[in-house]
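Novice: Provided below are the primary sequence and the corresponding predicted coordinates.
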Amino acid sequence: MKSNKIEHTKKAILEALEKSLGVVTTACKQAGIGRTTFYEYLNKDEKFAEQVNDIQNIALDFAESQLHKQIQDGNTSATIFYLKTKGKKRGYVERSEIVHDGAIKSTLIEWKPSQEE
């Protein structure tokens, strides 16, 4: 009987995770369990962990789609963020320089085509 209750609770947590886009605290509150119990399930049940990981990937896909929408709408901050995270191979990297007066200066280095392109 206890095993059925645990499986029912895990199912409720997974449904709540989907609705909350992977926010554990919100899902635990909706399912009526503590975060400690959630992490016990996560660490002891490989199938449950895989299902949680799938939900987290769906949430990440959703966030990326929202970022792409903002880029298409001309949001400069979204474009810069995307270039800093996904454009590193093309030279869009941020570096910090410490100058002699102790100040820290951050600079976005813009892409410059290589001779191979």
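Specialist: Perfect, I can see it now.

Novice: which non-adjacent residue is nearest Gln51?
Specialist: Leu14 (5.5 Å; CB to CB, 6 or more residues apart in numbering). The C-beta positions use only the backbone N, C-alpha and C, and glycine is treated the same way.

Novice: For the one you found, grab phi and psi.
Specialist: The phi and psi torsions at Leu14 (degrees, to the nearest 10) take the values phi -60, psi -40.

Novice: Would you agree it is in contact with Ile55?
Specialist: Yes - judged on CB atoms under 8 Å, Leu14 makes contact with Ile55 at a distance of 6.8 Å.

Novice: Show me what counts as buried in the top helix by length along the chain.
Specialist: Counting by DSSP state H, the longest helix found in the chain is helix 46-72. By neighbour count with 16 or more other CB atoms under 10 Å, helix 46-72 contains the buried residues Phe48, Gln51, Val52, Ile55, Ala59, Leu67, Gln70, Ile71.

Novice: Quick one: the helices in the chain, in order.
Specialist: Counting by DSSP H, the chain has helices at residues 2-19, 24-31, 35-44, 46-72, 76-86.
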